[in-house]
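Trainee: Let's see this in three dimensions:
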Amino acid sequence: MLKCKRSSFSLPRNVAYLNCAYMSPILKDTEKAGVRAVRRKRNPLDITPRDFFTESDLLRAEFAKLINVKDSTRVAIIPSVSYGIATVAKNLNISRGQNIIVAGEQFPSNYYSWQALAEENGANLKSIAPEKTTTDRGKKWNEKILSEINADTRAVAIPHTHWADGTKFQLAEIRKRTREVGALLIIDGTQSVGALPFDVQEIQPDALICAGYKWLLGPYSIGLAYFGEHFNDGKPLEENWINRSDSENFSGLVNYQHAYQPGALRYEVGEHSNFILVPMLLKSIAQLNRWGVDNVQKYCESITEDSIEHLRNFGCWIEEKEFRGSHLIGVRLPDIEKMEIVKQSLVKNNIHVSYRGDAIRVAPNVYNTEAQMRKFTKVVSAAIK
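Mentor: This is a model prediction of the structure:
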């Protein structure tokens, strides 16, 4: 069992930060890597042509290991989820009357590109919302999405866990259904990858897009994406020098190349060699691989299961385990009018969470403890009374 890793971070001792779904703290080692990288830029002589490629290659390899991808050239360095989703949308042919399916109220970066694509082509964007029930909510939501996938569906674009309340989508079943109708499966892994195991070989998505600043424990403005074979000959959002074949040969860059770098490297953002953000994210993902994502999820389960049971006894609604992760939990109060009292009480007790819709979003990680979860539970229970 993984032990608490609070000493690996610089969080204040008197704060219970249960809000990794908003933004993670960075590891002390990641911070050190960033400081070294900033200092390195003092002297450009310390940055060689080879350095434009070396750490980027290592970063892709670590992420490939994290999600079980054999060929790291299938991984592209991107600045944001919206960049990755826009890349997919650019390479999706869709006709009038066809449809794209998204989960209701999913994060806007995995919505707006689909909205624009549908409007431009006379297609339909189908946002599948959950039923207004607390009985088998996650199960029924998954079933509803599956039932909406048909011969006119060109893509299903959903997260693994919903950003607002942690509802988990049954990706293997959805993948099976998309294959039956010839649709793409596009996953936003921002709120899951790094804390909830994701295996590309098992799910076989057409694309997996992840921001780096949440569960990957990295800095802001850098992310990673996996692109499957559907995108082998696609068009990137931008044309930059380093994504072209033979870009390692600086003296030959004036000999313009028609061919791209292999795999998904054509989709990387310009200046993806970022000499500050790349080594930071590399350090974080390497640490996650040493810990093991499965162990991170088990740790979160170990510190939350008693609190979940306690909150349920006080009338709070929390999704059943099969349809949520242990790292991102939506807590719905028995009386929504008590929400403001709960918010004030949590702030007073230095407990940090988020609020999305009618849910309190609790997002622990390896730097949290069972005692902090018990404190959260105690404060919420007292406010409910």
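Trainee: Which SSE is immediately downstream of the biggest strand by length in the chain?
Mentor: Longest strand in the chain by number of residues (criterion: DSSP state E): strand 153-159. Counting by DSSP states H and E, the next helix or strand C-terminal to strand 153-159 is helix 171-181.
Trainee: all strands for the stretch 101-250 of the chain, in order.
Mentor: Along the stretch 101-250 of the chain, counting by DSSP state E, counting those that start in this stretch, strands occupy 124-128, 153-159, 184-188, 207-211, 223-227.
Trainee: closest to residue 176 out of these?
Mentor: strand 184-188 (9.8 Å; C-beta to C-beta). C-beta coordinates here come from the backbone N, C-alpha and C atoms, glycine included.
Trainee: That closest one pairs with which strands?
Mentor: strand 153-159 (parallel), strand 207-211 (parallel) (DSSP bridges).
Trainee: could you redo those as TSV and give each row mean neighbour count, mean pLDDT and distance to residue 73?
Mentor: Converted to TSV, the strands paired with strand 184-188 look like this (neighbours: other C-beta atoms under 10 Å; pLDDT from 0 to 100; distance: least, C-beta to C-beta, whole Å):
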stretch	mean neighbour count	mean pLDDT	distance to residue 73
strand 153-159	24	98	23
strand 207-211	28	98	15
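Trainee: Distance from stretch 352-363 to the middle of the chain?
Mentor: The chain centre lies 17 Å from the centre of stretch 352-363; the measure is C-alpha atoms, centre = their mean, to the nearest Å.
Trainee: Mind listing what's buried along that stretch?
Mentor: 353-354, 356, 359-363 (16 or more other C-beta atoms under 10 Å).
Trainee: Show only the entries of those found in strands.
Mentor: Among the buried residues of stretch 352-363, the ones falling in strands (DSSP E) are 354, 356, 359-362.
Trainee: will you turn the buried residues of stretch 352-363 into CSV that also has distance to residue 229?
Mentor: Output for those, formatted as CSV (distance: C-beta to C-beta, whole Å):
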residue, distance to residue 229
353, 40
354, 37
356, 35
359, 37
360, 41
361, 36
362, 38
363, 34
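Trainee: Pick the one among the residues you listed closest to residue 141.
Mentor: Distances from residue 141 to the buried residues of stretch 352-363, taken by C-beta to C-beta, are shortest for residue 359, at 13.9 Å.
Trainee: List the beta-bridge partners for that closest one.
Mentor: Residue 359 has these beta-bridge partners by DSSP bridges: residue 356.
Trainee: who are the neighbours in contact with it?
Mentor: Residues in contact with residue 359 (C-beta atoms under 8 Å, 6 or more residues apart in numbering) are 164-165, 330-332.
Trainee: Relative to residue 122, how far out is it?
Mentor: The gap separating residue 359 from residue 122 is 35 Å, by C-beta to C-beta, to the nearest Å.
Trainee: looking at the contacts of residue 359, which has the most residues close by?
Mentor: Neighbour counts for those peak at residue 165, which has 26 neighbours (criterion: other C-beta atoms under 10 Å).
Trainee: returning to that earlier point: determine which two of the ones in strands among the buried residues of stretch 352-363 are furthest apart.
Mentor: Every pair of these checked by C-beta to C-beta; the farthest is 356 and 362, at 10.9 Å.
Trainee: Now the common contact residues for the two.
Mentor: Overlap of the contact sets of residue 356 and residue 362 (by C-beta under 8 Å, 6+ apart) consists of residue 330.
Trainee: related to what we said a few turns ago, I'd like the buried residues of stretch 352-363 as a markdown table, with pLDDT and distance to residue 290 appended.
Mentor: Below are these laid out as a markdown table (pLDDT from 0 to 100; distance: C-beta to C-beta, whole Å):
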| residue | pLDDT | distance to residue 290 |
| --- | --- | --- |
| 353 | 98 | 28 |
| 354 | 97 | 28 |
| 356 | 94 | 31 |
| 359 | 94 | 33 |
| 360 | 97 | 32 |
| 361 | 98 | 28 |
| 362 | 98 | 26 |
| 363 | 98 | 22 |
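Trainee: Name whatever forms a beta bridge with residue 16.
Mentor: Counting by DSSP bridges, residue 16 is bridged to residue 351.
Trainee: pretty sure it is touching residue 352, no?
Mentor: Yes. At 6.7 Å, residue 16 counts as touching residue 352 under the criterion of C-beta atoms under 8 Å.
Trainee: Show the end-to-end separation of stretch 175-194, please.
Mentor: 21 Å (C-alpha to C-alpha, to the nearest Å).
Trainee: what mean pLDDT would you report for it?
Mentor: Mean pLDDT, computed over stretch 175-194, is 98.
Trainee: Stretch 33-43 too?
Mentor: 95.
Trainee: Buried residues, that stretch. List them.
Mentor: Under the neighbour-count criterion of 16+ other C-beta under 10 Å, stretch 33-43 has 33-34, 37 buried.
Trainee: Show me how far it is from its chain's centre.
Mentor: 27 Å.
Trainee: Ok, stretch 257-274 next?
Mentor: 22 Å.
Trainee: Now that stretch - C-alpha only, CSV.
Mentor: Only the C-alpha atoms of stretch 257-274 are listed here, as CSV (Å, rounded to 0.1, in the frame of the first residue of the first chain):
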residue,chain,number,x,y,z
GLN,A,257,10.4,18.8,-46.2
HIS,A,258,7.0,17.5,-47.3
ALA,A,259,7.0,14.6,-44.9
TYR,A,260,6.3,14.9,-41.2
GLN,A,261,7.9,13.2,-38.2
PRO,A,262,6.5,9.7,-37.5
GLY,A,263,3.4,8.8,-35.6
ALA,A,264,1.5,11.7,-34.1
LEU,A,265,4.4,14.1,-33.9
ARG,A,266,2.9,16.2,-36.7
TYR,A,267,0.2,17.3,-34.1
GLU,A,268,2.6,18.8,-31.6
VAL,A,269,2.4,22.5,-30.7
GLY,A,270,5.1,24.9,-32.0
GLU,A,271,8.0,25.3,-29.6
HIS,A,272,6.9,22.0,-27.9
SER,A,273,10.5,21.6,-26.7
ASN,A,274,9.7,24.2,-24.0
